[in-house]
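Asker: Show me the folded form of this:
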Amino acid sequence: MTTDALAALRAALGEDRVISDQDSLALAGQDIFYQGDPVLAVVRPAGAGDIRRLVGIAREHKLHLVPRGGGASYTAGYLSSRPDHAVQVDLRGMDAIREINGRDLYAIVEPGVTWQALDEALAPLGLEAPFRGPVSGRVATVGGAIAQNAIFYGTGRHGTAADSVIGIEVVTGTGATLRTGSFGVETASPFLRHFGPDLTGLFTADAGVMGIKTAIVLRLRRRPPARDVVSFATADLSALFDFLEAIGRDGHASQVMALDVKLESERVRQTGLRAKGDYLRALISGGGSLAKRAAEGVAMARASLRTAPGRGMAVHIFVEGEDAAECQSRIAAATALARERDLMPSDAAVASAMLRMPFGPVTGLAGAPGERWVPIHAILPHSRALEGMAAVEALVREHAEGIAEHGIKVRHLLATLGGGAVTLEPMFLWRDRLTPFADHLLRAQGGTYPADAPARPAAEAFVAALRRQMIERFDAIGALHTQLGRAYPYQQRLAPETASLFRAIKRELDPDNIMNPGALGTEPPTA
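Answerer: Residues are numbered from 1 along each chain as shown. Just a heads-up that it's a prediction; the model follows:
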């Protein structure tokens with residue numbers, strides 16, 4: 001059957017679009033954290049017609065289609081539990097920007113377009129998507145971020161990646177092509193998401209279990225003429241969470257990020273020379289006065305030399321406005337909120353670098369030389385954020401002996417999500433060998449990692465157990481998640497009636513269960 005299936009794939013897509021060498025198949029069975037078995041094949045479709053042909057072959061040969069974008073994930077979202085039947089659908093070749101409509105404020109893009117490519121296409125037109133992309137936007141694709149429901153640039157004011165979507169074109173498990181929102185109205189243009197029930201939402205944050213996206217319509221807005229940053233620091237978590245709630249409620253920032261100062265210092269020091277050069281060039285060529293840009297460059301260079309990072313959290317506030325005066329007004333308001341809670345002014349070098357070059361090299365896939373890195377996250381309302389952090393700290397205390405034995409560092413990142421929520425992201429770092437896929441991606445971005453780093457399977461297993469327990473503790477207090485994949489429970493947490501509806505919709509769209517089975521708690525794949 002395998003030989004027949006591969007022959008059918010090659011006949012449908014062409015020899016050059018079906019990848020079957022062992023090295024590629026092995027990498028396709030891995031992500032940043034998880035390392036599974038090689039998949040049956042990797043296919044690189046050129047368009048929606050290829051996807052429809054893939055669906056027909058998958059139904060005939062009982063294959064599973066597992067879509068992926070840039071691949072910088074750590075939740076096993078595109079790792080099948082039956083890799084011998086899995087065809088990974090690499091959508092990066094479908095990277096056309098079909099339309100940018102500056103008058104009606106929408107863009108139609110294919111799923112393989114990266115957020116950096118989209119942002120660069122929109123910038124000369126004075127436009128941008130409200131959600132501009134994740135930090136990994138140099139490699140992260142629009143389709144992958146919508147399927148994962150990514151967060152970061154713009155999330156503080158505009159929500160997640162899915163919140164900027166107007167409509168979706170998707171090929172389902174029956175081979176049908178569907179369009180949602182006004183994109184699905186024959187006499188209308190794709191300018192509005194809501195026309196009757198919100199069908200677009202079915203295909204966001206779905207890890208590809210509802211179908212394979214072939215086009216996404218994103219809402220656009222006028223690009224803010226001015227942007228700026230301000231940074232603070234505190235070791236008082238209660239004051240920090242109170243500040244995050246206040247600034248989120250008052251709407252002064254487009255994005256707020258709080259990063260463990262130890263992790264920030266480690267990240268700056270480990271950044272490769274090429275990446276540092278890219279950041280400095282972005283600072284020097286950016287907006288603002290020459291004196292200000294020179295000061296930012298000096299601050300970034302000084303930050304790279306820090307050896308005593310201190311303790312607590314560095315809090316970075318990103319603001320935007322019609323001009324520098326409006327940005328300064330927002331910074332003044334943020335500063336007043338910070339001062340009321342005894343947050344101290346801090347070096348804004350890291351935030352300035354991110355402002356000037358939002359999509360830098362994706363080199364944060366590892367810690368210090370010889371260290372692996374993997375996070376988890378939880379989204380909580382402000383009213384339960386401190387409780388969530390307390391749950392993390394309690395678990396770390398309970399496992400202090402094992403954490404010390406395996407040399408595990410626990411670091412933290414926090415970010416606001418709209419006005420009413422905060423994302424907690426505990427990160428684990430320990431000495432270990434990267435997965436070959438993580439190593440491949442890191443080196444492709446100019447990063448380095450010791451080739452002789454020893455594998456430490458016991459430490460990896462301990463981290464995996466810690467992550468599972470932490471997710472359970474988060475979920476017990478009502479936390480939610482994006483980037484669900486196979487790492488976070490979804491269906492199991494739904495009310496019975498809601499879960500039943502989800503399963504019914506899945507069966508209607510994918511009766512043979514060929515679309516990424518096993519993700520989101522869907523039925524695992526069978527032979």
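Asker: hey, which strand is longest across the chain?
Answerer: strand 421-431 (DSSP state E).
Asker: Can I get the helix or strand hosting Ala332 as PDB, trimmed to CA atoms?
Answerer: In this structure, Ala332 sits in helix 324-340 according to DSSP states H and E. Output in PDB follows, covering the C-alpha atoms of helix 324-340 (Å, rounded to 0.1, in the frame of the first residue of the first chain):
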ATOM      1  CA  ALA A 324       6.000  61.300  18.600                       C
ATOM      2  CA  ALA A 325       4.000  63.500  20.900                       C
ATOM      3  CA  GLU A 326       1.100  61.100  21.200                       C
ATOM      4  CA  CYS A 327       3.600  58.200  21.900                       C
ATOM      5  CA  GLN A 328       5.200  60.300  24.600                       C
ATOM      6  CA  SER A 329       1.800  61.000  26.100                       C
ATOM      7  CA  ARG A 330       1.100  57.200  26.200                       C
ATOM      8  CA  ILE A 331       4.500  56.600  27.700                       C
ATOM      9  CA  ALA A 332       3.800  59.300  30.400                       C
ATOM     10  CA  ALA A 333       0.500  57.500  31.200                       C
ATOM     11  CA  ALA A 334       2.300  54.100  31.400                       C
ATOM     12  CA  THR A 335       5.100  55.700  33.600                       C
ATOM     13  CA  ALA A 336       2.500  57.100  36.000                       C
ATOM     14  CA  LEU A 337       0.900  53.700  36.400                       C
ATOM     15  CA  ALA A 338       4.300  52.100  36.900                       C
ATOM     16  CA  ARG A 339       5.400  54.800  39.500                       C
ATOM     17  CA  GLU A 340       2.200  54.200  41.500                       C
END
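Asker: Let me know the next secondary structure element after that helix.
Answerer: Next along the chain after helix 324-340, taking DSSP H and E as the criterion, comes strand 344-345.
Asker: Would you map the strands across the stretch 251-400 of the chain?
Answerer: In the stretch 251-400 of the chain, strands defined by DSSP state E, counting those that start in this stretch lie at 255-260, 313-321, 344-345, 371-375, 378-381, listed in chain order.
Asker: so the residue nearest to Asp323 when sequence neighbours are not counted bridges to which residues?
Answerer: Excluding the flanking residues, the one nearest Asp323 by C-beta to C-beta, 6 or more residues apart in numbering is Ala226, at 5.2 Å. Backbone N, C-alpha and C define where each C-beta goes, glycine included. Beta-bridge partners for Ala226, by DSSP bridges, are Gly321.
Asker: ok, how many other residues are close to Ala226?
Answerer: Neighbour count of Ala226, defined by other C-beta atoms under 10 Å: 17.
Asker: Surely it is in contact with Glu326?
Answerer: Yes - Ala226 lies in contact with Glu326 (C-beta atoms under 8 Å); the separation is 6.7 Å.
Asker: check contacts around Ala205.
Answerer: Contacts for Ala205 (C-beta atoms under 8 Å, 6 or more residues apart in numbering) come out as Ile146, Ala147, Gln148, Asn149, Thr160, Ala162, Thr482, Leu484.
Asker: how close does the fourth one get to Thr482?
Answerer: Distance of Asn149 to Thr482, given as C-beta to C-beta, to the nearest Å: 4 Å.
Asker: what residues are shared contacts of the two?
Answerer: Residues touching both Asn149 and Thr482 by C-beta under 8 Å, 6+ apart: Thr160, Ala205.
Asker: follow-up on the earlier one: got a winner among the contacts of Ala205 for most neighbours?
Answerer: Ala147 (35 neighbours).
Asker: so that residue makes contact with Ala207?
Answerer: Yes - here Ala147 reaches Ala207: they are 5.7 Å apart, a contact under C-beta under 8 Å.
Asker: Give me the common contacts of the two.
Answerer: Here Ala147 and Ala207 have Gly77 as joint contacts, going by C-beta under 8 Å, 6+ apart.
Asker: which secondary structure element contains Val42?
Answerer: Here Val42 is assigned to strand 41-43, by DSSP H and E.
Asker: Can you name every helix or strand that whichever helix or strand comes after that strand contacts?
Answerer: The helix or strand immediately downstream of strand 41-43 is helix 48-61, counting by DSSP H and E. Taking 3 or more C-beta pairs under 8 Å, 6 or more residues apart in numbering; DSSP states H and E as contact, the helices and strands that helix 48-61 lies on are helix 2-13, strand 64-68, strand 86-90, strand 165-171, strand 212-219.
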